[in-house]
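>>> Below are the sequence and a predicted model for it; my questions follow.
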Amino acid sequence: MNIRDSVYLVSMVFQTVLVYKFINVFLGSAIKGGVIKYSLYIGYYLVISYIYLFVRVHIAIISTNLIVLIALTLNHEGTVKKKALSVVYIYVASILSEAITVSSLRMLNIVREPFPFTDSEFIASRITSLIILYPFVLLYSSLSLSKNKEEVPSIFWFVAIFVPLTTLIPSFLILFIPQTNDFVMLLTVVMVLFLNILIFYFYGEVIKLYQSKMEKEIYQLQLKAYSNQFNLLENQTNNMKAFKHDIINHISALRIFIENDETASAAAYLEGMYQTILNKEEYVKTNNTAISSILNYKIGEAYKFNIDVKRDINIPDALDVSAVDLTAIIGNLFDNAIEALKQIENDREIKFSLTYENGLLHMIIENKFLGSILFNGDRILTNKHDKNEHGIGLLSIRNSLKRYDGIMDISTESNKFRVAIMLYNKKLL
C-alpha cells in the first residue's frame, strides 16, 4: 500500500464524519440508533474505501458513493424529495470544494499541470478539499440548529471556520519539504484531520449548549405558567370553602331581605357573594391545562401594564400539540405584543384568538405598535435592549411549527402588527 492509499484511507474517516454530521442535520436523528446507526456509517467507509483500492475506476467510485449515500438516508425520517436533496447538496458541496481546491492550489503554484499529481500534490489536494468542505457542512448546520443568529457569539463562528483553514499551512510546509518520507506525510495528515474532527466535535457541543439554554427558558416559562394556574385553582378552592362555611349566614341574610321585600339589597348582596367566589385572575378556563396556564399567566402580565386582552378561545379538550411547543408559541406571541404596547400611551389592546377546525389549530394575535418595523428577509429586527433575554423569538416559533407542518404569516398595516399561525393537530415524526 503506497502513501496515497494510506492517506486516502485516513482522510475517508474525516469524510465519513462530515457525511454523518450533514445527514443528521438535514434529516434529523436516525430511526435506528446505536449499533445499527454506526454500523451503517462504518459500512459507508468500508465500501467506498474498497472501491477506491481495488476497482480504481472514477465513475465506479462516484456511482457507489451515490448509492451508499442514498442507503444512509433510508435510516432517517423525511420525504423522498428531502432525502434526495440531502444527497444532491453533499455532492454539490463536494464538487465546489474540489473545484475551489484545484483552482486555489494552481494559483499558488502548489500543484502543477498537467496531471497526474505527485504524492505531495495529491495529499495537499485531498486534505484541502475536505477541509474546505467542512465550512459547507458548518454553514448548513448553523442555519438549521441555531434558532437565532445572535445566540452564538460571532467570535465562535470565526474560530470554527478560520482555525481549520490555518491547519493547512503547516501541512503544506511539511508535505513539500524535499525528501519528506512517507511516515511523516501520513503522520501530518492524521494530526491535521484529527484536529479538525475535534473542532467539529466542539462546534456541535457549543450548539447543543445554546439549544439547552433555549429549552431551559421554555421550561422555566412553562413552570411559571403552571405555578400561576395552581395558585388560581387554590384561591378558587379556598373561596369555595369559605363560601360553604358561611352559606347558612348568607341564606339567612338573603331571607331577611326577601321577607322585607328589599329586592335591590338582595341583588346587591348576591353580587357581593358572586364576586367573593369569582376568581378574577382566572381569565381563561379550558380543559387544556397547558393553554389555560400560559394564557392566564400572560394575560395577567398584560394587565399589569394596563393592556386589555380580548380573546376568543374555542378548542377541543385534547390536542396533540405538546405543552412545551404551546408554551413557547403562545408565550412568545404575548411577549412581543406586550413589549410593543408598553411603548404606546393609548389603545393598549391585544386581540388573540385560538380556534380549532378540521384538524387545524389557528392562532391570531393583533396589537398596535409605535414607529416602524424593519424586516431582514422573513426576520424582524428587534429594538429590544437585551435580545438574548427577550424570550424565544419568532424564529423559535417557526422551529416549533416545523414539527407540525405549520405556517406563520406576519403582516403590518396602519401601525397594527398581526401574526397568524396555522398548524396541524398532530406532531410529525
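Happy to help now that I have it.
>>> which regions of the stretch 51-200 of the chain lie under the pLDDT threshold?
110-117, 138-161, 163, 165, 170-180 (pLDDT under 70).
>>> Could you pull out the helices in it for me?
Using DSSP state H, counting those that start in this stretch, the helices assigned to the stretch 51-200 of the chain run over residues 58-73, 80-107, 119-145, 154-166, 168-175, 182-245.
>>> With only the CA atoms kept, save stretch 284-301 in CSV.
The C-alpha trace of stretch 284-301 is given here as CSV (Å, rounded to 0.1, in the frame of the first residue of the first chain):
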residue,chain,number,x,y,z
VAL,A,284,-59.3,31.8,30.6
LYS,A,285,-60.7,28.5,31.5
THR,A,286,-60.3,25.5,29.2
ASN,A,287,-59.9,21.8,29.7
ASN,A,288,-56.4,22.1,28.3
THR,A,289,-54.1,22.8,31.3
ALA,A,290,-51.1,24.0,29.2
ILE,A,291,-53.2,26.6,27.2
SER,A,292,-55.1,27.8,30.3
SER,A,293,-51.9,28.1,32.3
ILE,A,294,-49.9,30.1,29.7
LEU,A,295,-52.8,32.3,28.7
ASN,A,296,-53.7,33.2,32.3
TYR,A,297,-50.1,33.9,33.1
LYS,A,298,-49.5,36.1,30.1
ILE,A,299,-52.9,37.9,30.3
GLY,A,300,-52.1,38.6,33.9
GLU,A,301,-48.8,40.1,32.8
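>>> how about that stretch: buried residues?
Residues 284, 286, 288, 290-301 are the ones in stretch 284-301 that count as buried (16 or more other Cβ atoms under 10 Å). No exception for glycine: its C-beta is placed from N, CA and C like everyone else's.
>>> now swap in stretch 182-200 and tell me
By 16+ other Cβ under 10 Å, the buried positions in stretch 182-200 come out as 185-186, 188-189, 192-193, 196, 199-200.
>>> ok, residue 57 - how many residues close by?
By other Cβ atoms under 10 Å, 11 other residues sit near residue 57.
>>> quick one, phi psi at it?
Main-chain torsions, residue 57, degrees, to the nearest 10: phi -110, psi 120.
>>> what does residue 2 give?
Dihedral angles (degrees, to the nearest 10) for residue 2: phi -90, psi 180.
>>> can you tell me how far it sits from residue 137?
Distance of residue 2 to residue 137, computed by Cβ to Cβ, to the nearest Å: 29 Å.
>>> ok, now residue 260?
Residue 260 is 85 Å from residue 137, by Cβ to Cβ.
>>> So those two - more neighbours on which side?
residue 137 (23 against 10).
>>> Please enumerate the strands of the stretch 201-350 of the chain.
308-314, 349-357 (DSSP state E, counting those that start in this stretch).
>>> got a list of contacts for the first one?
Okay, so that is strand 308-314. Residues outside strand 308-314 that contact it (Cβ atoms under 8 Å, 6 or more residues apart in numbering): 283-284, 286, 291, 295, 299, 302-303, 348-356.
>>> Show me the strands paired with it, marking each as parallel or antiparallel.
strand 349-357 (parallel) (DSSP bridges).
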